[in-house]
Each structure stands twice: as C-alpha cells, then as structure tokens.
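**Student:** Return a 3D structure for these sequence lines:
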Amino acid sequence: MKTTRIDFVANATTREAGVYALKYGWAFAKGVSRDINSFAHRLPWVCVAVVLIASVVVGSVLVAEARMERDHASREMFKLQQQVEQLSCMVESNNNKQ
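**Tutor:** Numbers count the residues shown, from 1 in each chain. This next block holds a predicted model:
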C-alpha cells in the first residue's frame, strides 16, 4: 500500500489550503475504496448480507411512506366527497324551494 506523506504548512493561503484538501481528500477516498474492495473480496457473503438487509430496510421505509401518503389522500378524498354531497343537498333544497 502506498503511503501519502502529509506536510504541515504553518501559513497557507486559501487556495493552497483548498489544493491540500483536495489532494489529501483524494488520497483518503482512494484508501477507503481499496479497503472496501479488499474486504469485499475476502468476505463476499457478508457484503451480500449487508446489501440485502439495507435493501429490506429501505424498501420497508418507502412502502410505509407510500401507505401514509395513500391514507392521507384517502382522508382528503373522503372530506371532498362530503363537501360535494353537502353542496348537492344545498342545491337540491334550493331547487325544491323554487
């Protein structure tokens, strides 16, 4: 594994600090990617299990949200139907009076 040497600068400009952040951030991302890759090659079934569990959890959350939205829409639809019935009753009563 290649090691990246980090030099500390006492008085860096904003641009230099940004360059250092990108450089060492990239080195960190490469190192983490290599570690994940080696772990996946050593223990593939653990990775499959983690992905499966994560999929089930995310799917459950999405289904629960969809049900909540459906129930909310059903309640709103019921309220609108009641208002339509009230208005139609008012229109009928006005027509009967005339």
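**Student:** tell me the centre residue of this protein?
**Tutor:** Taking Cα atoms, centre = their mean, the centroid of the chain lies closest to Val58, which sits 8.9 Å from it.
**Student:** So that one versus Val51, what's the distance?
**Tutor:** 10 Å (Cβ to Cβ, to the nearest Å). Every C-beta, even on glycine, is put in place using the N, C-alpha and C of the backbone.
**Student:** Tell me where the chain has helices.
**Tutor:** 14-42, 44-97 (DSSP state H).
**Student:** circling back to that earlier point, what residues are shared contacts of Val58 and Val51?
**Tutor:** Residues touching both Val58 and Val51 (Cβ atoms under 8 Å, 6 or more residues apart in numbering): there are none.
**Student:** what separates the residue nearest to the centre of the chain from Ala40, distance-wise?
**Tutor:** Distance check for Val58 against Ala40: by Cβ to Cβ, it reads 20 Å.
**Student:** still on that earlier bit, ok, the residue nearest to the centre of the chain to Lys97 distance?
**Tutor:** Distance, Val58 to Lys97, by Cβ to Cβ: 59 Å.
**Student:** got it, and Gly59?
**Tutor:** 57 Å.
**Student:** Comparing the two, which residue is more hemmed in?
**Tutor:** Shown here are Gly59 and Lys97; by other Cβ atoms under 10 Å, Gly59 has more neighbours (10 against 6).
**Student:** And the pLDDT at the more buried one?
**Tutor:** As summarised for this prediction, Gly59 has a pLDDT of 97.
**Student:** can you check Ala66 too?
**Tutor:** 96.
**Student:** Kindly report the same for Thr4.
**Tutor:** Thr4 is assigned 64 on the pLDDT scale.
**Student:** what's the answer for Phe28, then?
**Tutor:** Reading off the model, Phe28 has pLDDT 90.
**Student:** Also Gln98?
**Tutor:** We have a pLDDT of 67 for Gln98.
**Student:** looking at it, Glu16 is touching Val9, isn't it?
**Tutor:** Yes: the pair formed by Glu16 and Val9 meets the contact definition of Cβ atoms under 8 Å, at 6.9 Å.
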